[in-house]
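Q: Fold the following for me, if possible:
(one chain, ligands or ions: 3)
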Amino acid sequence: MPESQLRSDRVPRHVAIIMDGNGRWAESRGLVRNEGHRAGIEAVRAVLRAANDLGVRYLTLYAFSSENWGRPQDEVRELMQLLDRYLVDEMPEVMENRIRIRAIGRLERLPPATRKKVQDAIRDTASNDAMDLVFALSYGGRGEIVDAARKIARAAASGELDPHAIDEKLFASYLYEPEVPDPDLLIRTGAESRLSNFLLWQVAYTEIYTTELMWPDFREDHLLEAVRDYQSRERRFGKTSAQVSNEPESG
Ligand code: IPE
Ligand code: IPE
Ligand code: MG
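A: Ligands and ions are numbered 1, 2, ... in the order given. A predicted model of the protein is given here:
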């Protein structure tokens with residue numbers, strides 16, 4: 001899909017990806033699942049570059065869910081090591097492209113060495129301003145909502161917050177990364193059509209694109225195809241088609 005067919009005025013500002021299918025990719029080649037996770041790193045590199053070139057402002061990658069802690073120990077260990085390595089190896093390119101790294105999830109559950117690498121990457125890239133790369137790590141959408149509710153309850157109990165002031169906007173400001181706008185486009189690879197506890201609050205009006213491709217096979221052209229599909233949609237946000245077509249274009 002040549003990039004020229006894409007409209008530069010309707011590039012999704014925030015793309016979120018459920019990177020699924022590493023295990024099946026490996027198994028179909030007679031390899032162990034961990035080989036699939038290793039191969040998935042190349043897709044992460046390619047997609048980050050392509051998203052950056054396209055002008056995507058925020059890219060969120062679902063790298064490890066709260067439920068993934070229940071996988072076999074050696075698989076969890078491999079995923080953590082891959083993350084450790086990625087955060088070190090990619091740093092020169094991340095800095096060069098002024099990419100800011102953020103993380104959402106219960107990071108306190110990460111092994112200390114991994115958590116430190118995540119925290120270092122967040123700190124070292126905090127003033128980068130060209131693009132935001134958000135890693136969902138030890139992340140669950142329900143957990144995020146519960147964590148926000150707990151912070152709000154604490155603020156209300158201490159008298160700092162009036163319960164009458166709690167509305168959607170205030171609630172959202174207690175989520176993990178309130179500065180990051182809701183995703184415009186959610187991509188899921190791996191031939192599944194489910195959310196698997198990803199960004200439950202934020203995807204209320206996100207356009208969803210699924211593909212049969214397994215994550216290690218996903219490349220720039222596939223991202224462009226997903227964006228082209230996104231551009232063919234009409235986002236109505238509950239309004240009528242006539243109302244929406246009279247509004248000025250937005251991402
Ligand atoms: C996605 O691939 C990677 C993570 C969940 C960390 P999977 O490991 O879920 O691969 P499949 O779905 O079993 O093929
Ligand atoms: C979702 O994939 C989590 C990530 C991609 C990190 P899973 O493979 O864990 O989801 P299910 O179990 O198929 O729903
Ligand atoms: Mg999976």
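Q: C-alpha from now on. contacts and neighbour counts both.
A: Will do.
Q: after the helix or strand hosting A156 comes which helix or strand?
A: Using DSSP states H and E, A156 sits within helix 141-157. Downstream of helix 141-157, the next assigned helix or strand under DSSP H and E is helix 168-172.
Q: which parts of the stretch 1-150 of the chain sit against ligand 2?
A: I18, M19, D20, Y62, A63, F64, S65, N68 (CA under 6 Å from any ligand atom).
Q: out of the residues you listed, which are buried?
A: Buried residues within those, counting neighbours by 16 or more other CA atoms under 10 Å: I18, M19, D20, Y62, A63, F64, S65.
Q: Take the residues of the stretch 1-150 of the chain next to ligand 2 and keep only those in strands.
A: Those of those mapping onto strands are I18, Y62, A63, F64, S65, per DSSP state E.
Q: Does anything pack onto the helix holding A156? Which helices or strands?
A: Applying 3 or more CA pairs under 8 Å, 6 or more residues apart in numbering; DSSP states H and E, one finds that helix 141-157 contacts helix 168-172.
Q: Output the helix it packs on in CSV with nothing but the alpha carbons.
A: What follows is helix 168-172, C-alpha atoms only, in CSV (Å, rounded to 0.1, in the frame of the first residue of the first chain):
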residue,chain,number,x,y,z
GLU,A,168,-15.8,11.6,33.6
LYS,A,169,-13.1,14.3,33.0
LEU,A,170,-12.0,14.1,36.7
PHE,A,171,-12.1,10.3,36.7
ALA,A,172,-9.9,10.2,33.6
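Q: so how far is the helix or strand that it is followed by off the chain centroid?
A: Using DSSP H and E, the helix or strand that directly follows helix 168-172 along the chain is strand 185-188. Relative to the centre of its chain, strand 185-188 is centred 9 Å away, using CA atoms, centre = their mean, to the nearest Å.
Q: helices or strands up against strand 185-188?
A: Using 3+ CA pairs under 8 Å, 6+ apart: strand 185-188 touches strand 14-18, strand 207-210, helix 220-231.
Q: List the contacts of that strand.
A: Residues from elsewhere that reach strand 185-188, judged by CA atoms under 8 Å, 6 or more residues apart in numbering: 12, 14-20, 203, 206-211, 226-227, 230.
Q: buried stuff in stretch 140-152?
A: So stretch 140-152, judged by 16+ other CA under 10 Å, has buried residues G140, G141, G143, E144, I145, D147, A148, I152.
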